Structure formats: C-alpha cells, structure tokens
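Student: this one's sequence-less:
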C-alpha cells in the first residue's frame, strides 16, 4: 500500500524550492513475518526528491533508518533510525533530517520496527528484550524490502540514527555486515552495560527497573548486543556525533565506542559539540553536523 503526497521543501541553495514525494508504504506481511511478527506488517516511510535539476545534486539518476537513495532513479539509500525506541514512531510530516538528506539528493527509508508506538501496547512490548535482536531484524527486513522493490542500489546504502537510532546504526553492520557501506551514530547508545550505570535514566529506581525490563538482565546478551564490545565486527566507515553535556546518553557512551576503535587501531570520524546535550540545538552546531554528514555520505555512497 502506498499513500503518496507532495510537500514543498527548500533546496540546498536556500532559495530554490523542490518538490518532495513522500510515500508511506506498508511492508509486505510476508517480509515482516520472517522476523516473527506473526504476519503483522511493519510500517515504514520512504521519501525521495522528484524533479531535481542537474546542478542541485551531484548526479540526477537518481534510504533506508532506523536507515540512503539518490533521487529519481534507484541508486543511493540510507536507513534512518529513530530514538526511543519504545513509544516514538515515524509518520508523514516534516522531519529536519529527512529534509536535509532529501535536499542533497538522498532518498530515505524509516522503519517502524517492533517496539515503536502508534500500533498499540502489544506491538510496543514486542520490542522488550530485543534491542539488538528482532528489532534489528525488522530494520534489515525493511532494507531488503526496498532492494527487492527496486527502490535502492544494494551497493550504496548507509545507516544513520540518533539515540536508540545511533545504537541501531552501529548494530546493523554488526548483525548484517553485507547490507551497509557506512554508518553514522548521533548521540547514540553503544554499550548496554554502561547504559545501566550512566545517564539520567538510572537516577531513579523506576528508571533502573525500566532498563531491566526493556534491555534484560542477561550479562552475556548485553555484551553481545553492545557495539562498543563488538567493534571487530564493524568493518565499514563510521562517523560518531555527540554533545558533551548529554545527560540522557552521556559522553561515557561515545568514549566507550571511540576508545574501542582506537584500541584496535581503527580510525573513525568524530564530531563533539560543546554545550550540546541529547541532540544539537544551536544553529551553528546543526549546520556543522549536516556539513559533516554530507561530506561523509558523499565520500562513501555518493558519486
């Protein structure tokens, strides 16, 4: 099922207006069923620029999140993963990250994996204890669906997300190394054991109980599902972005992953913004984030 609509957006030069085609597609129940959803369809939003002029993007022949595609013909894609993860969900409407990526010629796919909101409590609770498991499988199923639909070039896909989405952006290449060419983690959770010790969720007993409920208490699984403890399995280029006063996902998360890469001699790109918390709000920092993202994506899945 596709529900199309059109929305005017501002082009990359800040003056020209382009048209964004925004389609909300329901992934085939057969695809979703492979992840154990019992035939319940996983929903996602696919967005792509239409009618882009040659000077507007590098190539006019043309996402998944969480994950990217170039506009017009299927070439480039990114998976964009949302935060939360339990409760929030992606819908049709303005999204600054999607708008930026679309204005640069990338198509975007956002998957409402199990655990997302908007589908009832039972659907949300299906994600409990599955952060690094079936929730990741749902995202990968979305990527493969887009490939099968001819919406993406399977050789030019990057994954990006913030908060839990940043976690998913790093877990996807661990669990599905053949699907992605690069990954961007923004204020992401990278070590589940650290999450149980640091950050404002642990300030209250109710928060600690919540983490036990949604993450589980199996130490071996927490390690296996922590990107910072499995960097040997991340073999694609990585960009890590963090605010240095983040209380929800503090610097300890960023440092755990960065140091793990350093210990193995693996270079990664980083951006740390002073005075920013769980997401960038100062215009100059948001602009720098998008500049760095654009350069990173162009380098690894651009023309």
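Tutor: Yep, it's here. The structure displayed is predicted, hence computed values, not measured ones. Residues are numbered from 1 along each chain as shown.
Student: I figured residue 186 hits residue 164, correct?
Tutor: No. Using Cβ atoms under 8 Å, residue 186 is not in contact with residue 164; the gap is 10.9 Å. Glycine gets a C-beta too; all of them are placed from N, C-alpha and C.
Student: which residue ranges form the helices in the stretch 151-300 of the chain?
Tutor: 164-175, 192-195, 205-215, 219-224, 251-263, 283-301 (DSSP state H, counting those that start in this stretch).
Student: I'd like those helices as TSV, with distance to residue 140 and mean neighbour count appended.
Tutor: Shown next, in TSV, are those (distance: least, Cβ to Cβ, whole Å; neighbours: other Cβ atoms under 10 Å):
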stretch	distance to residue 140	mean neighbour count
helix 164-175	7	28
helix 192-195	19	21
helix 205-215	20	13
helix 219-224	17	14
helix 251-263	21	19
helix 283-301	17	16
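Student: for those helices, which one sits closest to residue 123?
Tutor: Ranking these by proximity to residue 123 (Cβ to Cβ) places helix 205-215 first, at 14.3 Å.
Student: what's the closest one in contact with?
Tutor: 86, 127-129, 131, 192, 195-196, 200-202, 222 (Cβ atoms under 8 Å, 6 or more residues apart in numbering).
Student: filter the residues you listed to the buried ones?
Tutor: For those, a burial check counting by 16 or more other Cβ atoms under 10 Å picks out 86, 127, 129, 131, 192, 195-196, 201, 222.
Student: Report the lowest-confidence entry in those.
Tutor: Lowest pLDDT within the buried ones among the contacts of helix 205-215 is found at residue 86 (70).
Student: So which residue of this structure lies furthest out from the middle?
Tutor: Ranked by distance from the centre of the chain (Cα atoms, centre = their mean), the top residue is residue 205, with 29.4 Å.
Student: one step back: so which of the helices of the stretch 151-300 of the chain is nearest residue 120?
Tutor: Residue 120 sits nearest to helix 205-215 of all the helices of the stretch 151-300 of the chain, at 17.0 Å, using Cβ to Cβ.
Student: Report the distance from that closest one to the chain centre.
Tutor: The chain centre lies 23 Å from the centre of helix 205-215; the measure is Cα atoms, centre = their mean, to the nearest Å.
Student: I figured residue 250 was touching residue 199, is that so?
Tutor: Yes. Proximity of residue 250 to residue 199 meets the contact threshold set by Cβ under 8 Å, at 5.4 Å.
Student: Could you list the low-pLDDT ranges of the protein?
Tutor: 1-45, 47-84, 87-93 (pLDDT under 70).
Student: so what's the nearest residue to residue 254 once chain neighbours are set aside bridging to?
Tutor: With sequence-adjacent residues excluded and distances taken as Cβ to Cβ, 6 or more residues apart in numbering, residue 254 is closest to residue 242, at 4.0 Å. Beta-bridge pairing of residue 242 under DSSP bridges involves residue 272.
Student: Could I get the contacting residues of residue 242?
Tutor: Applying Cβ under 8 Å, 6+ apart, the residues contacting residue 242 are 186-187, 251, 253-254, 270-273.
Student: let's go with 10 Å and repeat that
Tutor: 166, 185-188, 249-251, 253-255, 257-258, 270-273, 276, 278, 280 (Cβ atoms under 10 Å, 6 or more residues apart in numbering).
Student: That one and residue 175, how far apart?
Tutor: To residue 175, residue 242 is 23 Å away according to Cβ to Cβ, to the nearest Å.
Student: so residue 274 sits right up against residue 243, yeah?
Tutor: Yes. With contacts counted by Cβ atoms under 10 Å, residue 274 reaches residue 243, the gap being 8.2 Å.
Student: Neighbour count for those two, which is higher?
Tutor: Neighbours per residue, other Cβ atoms under 10 Å: of residue 274 and residue 243, the larger number sits with residue 243, 26 against 9.
Student: if we can go back for a sec, what's the overlap in contacts for residue 250 and residue 199?
Tutor: Common neighbours of residue 250 and residue 199 (Cβ under 10 Å, 6+ apart) are residue 278.
Student: which residues of the protein fall in strands?
Tutor: Under the criterion DSSP state E, the chain contains strands at 2-10, 17-26, 43-50, 69-70, 77-81, 106-112, 157-162, 182-186, 238-243, 269-273.
Student: Buried ones in the last one, by neighbour count?
Tutor: Meaning strand 269-273. Within strand 269-273, the residues that count as buried by 16+ other Cβ under 10 Å are 270-271, 273.
Student: what does that strand contact?
Tutor: With Cβ under 10 Å, 6+ apart, strand 269-273 has contacts from 182, 184-187, 237-246, 251, 254-255, 257-258, 261, 279-282, 284-286, 288-289, 291-293, 295-296, 299.
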